[in-house]
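Novice: Following is a predicted model, sequence given first.
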Amino acid sequence: MGRHLWAFIFLLMAISSGSVQAHSSSNSYITLSANKQTIVLRADVNLRDVDLVVDLDQNSDGKLTWGETLAQKAELKAWLEQGIQLSTAGQKCDLADFNLLAANHADGTYLSAEWSVACLTATDLGDAGLSLRYGLMFDQDNLHRALVKIDLPDFQSSAILSPDRPETTLTKANGSRLKVLGRYLLEGVWHIWIGIDHILFLLSLLILAFLVPTRQSVIQWPAVQNVKTSVHDVLTVVTAFTLAHSITLGMSIFKLLEPSADLIEPAIALSVVAAALNNLLGWAALRRWQLAFVFGLVHGFGFANVLIDLGLPSDQLAVALGGFNLGVELGQIAIVMVFLPLAWALRHTLFYRWVIVVGGSLTIAVLGMIWTLQRTGLLSL
């Protein structure tokens, strides 16, 4: 039993370690587009991320201004060009006509740099292929991702670069259905694993599946005796969550309904609070599969925002959507498969009732409230 207990503690620590931020990773956006016969490379990097490498706040007032950024244009140009390298046929491409702009994204102001790529024209990229190597921010954030999108008249594709995948070769072959499916499947798995808010919402809905409801307080509920009962309860909750977020994920991607991220992100945080506090209501608690479905609809819009940021190939939208959704489900199943045997082993103990159910639910509710305040701009950490 002691081994199971420490394994369970380690799982909870791993899930909630680090910052109270629900998503600790950052993204940059790399785009290749056409301006007549010239390929234009654009790189958008969050100013907060840039400030970790190049000290933009010259007067140390805690605020980043565009004037301070432009004052270090030469240093920024050198940093960007050593971290973004293009080559074809083994030869490095020259980047010309450097231009520095500001761009607004949902999570803040970005440094936006543009170059013209001299080694290829827009018409022969798909056949010759272009290798892109990216190394910005990986030393500062090992969860950082570069979301690459090709948007040319006869060639659309995308790629995701990470510390273990810092380079990609961009050709029309990258757009095969199988490769698109595999790429977005991996990103779906990755997203659910780094989405602490999604994980804690799901676990909050599962921890009572191993206790038998009575009219007494939760800490006095007896343990479930038949494993099939708990498995059925878990599957009901997971299925409701999966069905709900699949519905809204598809609706958002196909532009049937597109609520603002300013509404969705705080709502996701509030869902974490609601699911956690519901565990403490005892007999009066709402049915957890119903919470999973209702709030799963909200989480689906959150998944859609991430998928849109990844840069969906317009000619294989359904394949990318299916791969990402399947990846989310596989990542979710992996979490449940770790959680289920540990919770089953601990369900008889006071530790499970007091530390996991009561203490864990209160801790998750507090984290959810912090995320809510952050996402509504009422709290800055």
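Specialist: Structure's in. What do you need? Computed from a predicted model, the values in this text were never measured in an experiment.
Novice: Now do the contacts for the residue nearest the centre of the chain.
Specialist: Note on the chain: the residue nearest the mean C-alpha position is His191, at 4.1 Å, using Cα atoms, centre = their mean. Going by Cβ atoms under 8 Å, 6 or more residues apart in numbering, His191 touches 303, 306, 324, 327-328, 331. Just so you know, the C-beta spots here come from the backbone N, C-alpha and C atoms, and that holds for glycine as well.
Novice: make it 7 Å
Specialist: By Cβ atoms under 7 Å, 6 or more residues apart in numbering, the residues touching His191 are 306, 328.
Novice: Could you do the one 10 residues further on as well?
Specialist: Contacts of Phe201 were listed using Cβ under 7 Å, 6+ apart, and they are 271-272, 275, 295, 299.
Novice: Mind putting the residues you listed into TSV with secondary structure and pLDDT?
Specialist: Output for these, formatted as TSV (DSSP: H, G, I helix; E, B strand; the rest coil; pLDDT from 0 to 100):
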residue	secondary structure	pLDDT
Ser271	helix	97
Val272	helix	97
Ala275	helix	97
Phe295	helix	97
His299	helix	95
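Novice: of all those residues, which comes closest to Leu257?
Specialist: Closest to Leu257 out of those is His299 (14.4 Å), distances taken as Cβ to Cβ.
Novice: Find me whatever residue is spatially closest to the closest one, sequence neighbours aside.
Specialist: His245 (4.8 Å; Cβ to Cβ, 6 or more residues apart in numbering).
Novice: One more: Trp193?
Specialist: If the residues on either side of it in the chain are set aside, Trp193 comes closest to Gly331, at 5.3 Å by Cβ to Cβ, 6+ apart.
Novice: May I see the buried residues of the one helix or strand the one you found maps to?
Specialist: Using DSSP states H and E, Gly331 maps to helix 317-346. Within helix 317-346, the residues that qualify as buried by neighbour count (16 or more other Cβ atoms under 10 Å) are 319-325, 327-329, 331-332, 335-336, 339-340, 342-346.
Novice: State the next helix or strand along the chain beyond it.
Specialist: That would be, after helix 317-346 and using DSSP H and E, helix 350-351.
Novice: Per-residue pLDDT of the nearest residue to Arg215 once chain neighbours are set aside, please?
Specialist: Excluding the flanking residues, the one nearest Arg215 by Cβ to Cβ, 6+ apart is Trp283, at 4.8 Å. Confidence at Trp283, expressed as pLDDT, is 85.
Novice: Ala122 now?
Specialist: 58.
Novice: do the one 5 residues further on as well
Specialist: pLDDT for Asp127: 58.
Novice: wait, doesn't the residue nearest to Arg215 sit right on Ser217?
Specialist: No - assessed by Cβ atoms under 7 Å, Trp283 is found out of contact with Ser217, at 9.0 Å.
Novice: can you pull the contacts of Arg145?
Specialist: 25, 27, 160-162.
Novice: What subset of the residues you listed is buried?
Specialist: For the contacts of Arg145, buried by 16+ other Cβ under 10 Å: 25, 27, 160-162.
Novice: OK, contacts around the nearest residue to His105 once chain neighbours are set aside?
Specialist: Closest residue in space to His105, ignoring its immediate chain neighbours: Asp44 at 6.9 Å, by Cβ to Cβ, 6+ apart. Counting by Cβ under 7 Å, 6+ apart, Asp44 makes contact with 28-29, 103, 105, 110, 112.
Novice: So Asp44 lies in a strand, does it not?
Specialist: Yes - the assignment for Asp44 is a strand, going by DSSP: H, G, I helix; E, B strand; the rest coil.
Novice: What's opposite it in the beta bridge?
Specialist: In this entry, Asp44 is beta-bridged to Tyr29, Ser112, by DSSP bridges.
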